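J.: My questions are about this predicted structure, shown below with the sequence.
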Amino acid sequence: MRLKSAIWVSALIRRANGVGAFAAVRRRGAEEAGAAFVKVASLDGKAALYGPAPPSLDDEVSPERRFVVLVPADRAEVEAEERMVKEIRFDPDLWFVEIEDREGRSFLDLA
């Protein structure tokens, strides 16, 4: 069973803030099962954007949330923002979390 999105986002923010990064919810999504997107800004004008990994037809359904890189960390922050505008138009119930971290850690399980 997968955690509700609201609980998962809260835990992500605590984890990031606990190691000295700053994390905040920029957009609240559906409490139960809204997709989560995470932007990690390295405070040098660049940012990575991570989104939900597509479900695999071969693997069993996992309770873990897995993420893929949508915008690599070496790109301008504006690229992540532009991608999120498109994602929000497609799914208005998504969560959008921003983490400011000079080290560029994602704090996510990547697929």
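T.: Done, it's in.
J.: Let me see the mean pLDDT of stretch 47-67.
T.: Averaging pLDDT along stretch 47-67 gives 75.
J.: So for that stretch, first residue to last residue, what's the gap.
T.: End-to-end distance for stretch 47-67, by Cα to Cα, to the nearest Å: 16 Å.
J.: What of stretch 54-68?
T.: Stretch 54-68 end-to-end distance (Cα to Cα) = 8 Å.
J.: Work out for me the element Val25 sits within.
T.: When elements are assigned from DSSP states H and E, Val25 belongs to strand 22-27.
J.: middle-most residue in the protein, spatially?
T.: With distances taken as Cα atoms, centre = their mean, the chain has Val38 as the residue nearest its mean C-alpha position (1.9 Å).
J.: before we move on, back to that, against which helices or strands is whatever helix or strand comes next after the strand holding Val25 packed?
T.: Counting by DSSP H and E, the next helix or strand C-terminal to strand 22-27 is strand 36-41. Secondary-structure packing of strand 36-41 (3 or more Cβ pairs under 8 Å, 6 or more residues apart in numbering; DSSP states H and E): helix 5-18, strand 47-52, helix 77-90, strand 95-100. Just so you know, the C-beta spots here come from the backbone N, C-alpha and C atoms, and that holds for glycine as well.
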